[in-house]
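Q: Fold the following for me, if possible:
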Amino acid sequence: MCIGNRDGGDDAIGPYIADKLKAFENEDFGVIDCDVVPENYTSVVKKYKPEKLIIIDATKMGLSPGEIRIVPKEKIGNMHVSTHGIPLSVLITYLEPYAGKIVLIGIEPESLSGKISSSVKKSGDNLVKLLKNKRLNEIENIQ
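A: The predicted model follows:
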């Protein structure tokens with residue numbers, strides 16, 4: 001689930017990554033571009049019941065722009081996450097019965113207006129490579 005506003009500067013990183021990952025979609029790897037309404041796509045998760053659900057969003061974590069971290073559920077309340085209406089903690093709690101494991105990946109934004117910054121776009125490209133090659137273990141958890 002890639003979340004973000006295509007017209008919101010670095011908040012567009014979710015849809016940007018979704019576009020890049022669509023080329024690798026198959027029966028074992030699905031991609032959902034949720035825009036700013038991830039709650040509209042919960043039925044897809046409920047239908048397919050994935051072993052691992054990865055949620056990607058721009059997340060203000062107090063890091064340098066473009067830094068990528070896995071955000072554990074218990075830390076989500078401390079982070080400012082994207083511009084969507086439903087808090088991600090609520091979304092994740094709702095989806096937990098339908099997914100084996102849920103992983104939130106945050107990318108620190110530089111600006112939430114204009115176009116995606118080069119540092120965040122570069123990080124998005126790096127994240128696509130990690131996901132394609134099943135190397136999530138290389139992403140640090142937020143402290």
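Q: List the contacts of the spatially closest residue to K22 that is not a sequence neighbour.
A: Spatial nearest neighbour of K22, excluding adjacent residues (C-beta to C-beta, 6 or more residues apart in numbering): V31 at 5.4 Å. All C-beta spots, glycine's among them, are computed from the backbone N, C-alpha and C. Residues near V31 by C-beta atoms under 8 Å, 6 or more residues apart in numbering: C2, A18, L21, K22, F24, E25.
Q: Which of those residues fall in helices?
A: Counting by DSSP state H, the part of these found in helices is A18, L21.
Q: So which of the contacts of V31 is the closest to E96?
A: C2 (19.3 Å; C-beta to C-beta).
Q: looking at the sheet around the closest one, what are its partners?
A: Counting by DSSP bridges, C2 is bridged to D33, I56.
Q: Quick check: the gap between it and Q143.
A: Noted for C2: a distance of 24 Å to Q143, by C-beta to C-beta, to the nearest Å.
Q: can you give me the helices for this structure?
A: Under DSSP H, the chain gives helices at 13-21, 42-48, 88-95, 118-132.
Q: least reliable of these going by mean pLDDT?
A: With a mean of 90, helix 88-95 has the lowest mean pLDDT of the helices of the chain.
Q: What helices and strands are in contact with that helix?
A: helix 42-48, strand 52-60, strand 101-107 (3 or more C-beta pairs under 8 Å, 6 or more residues apart in numbering; DSSP states H and E).
Q: No more questions from me, cheers.
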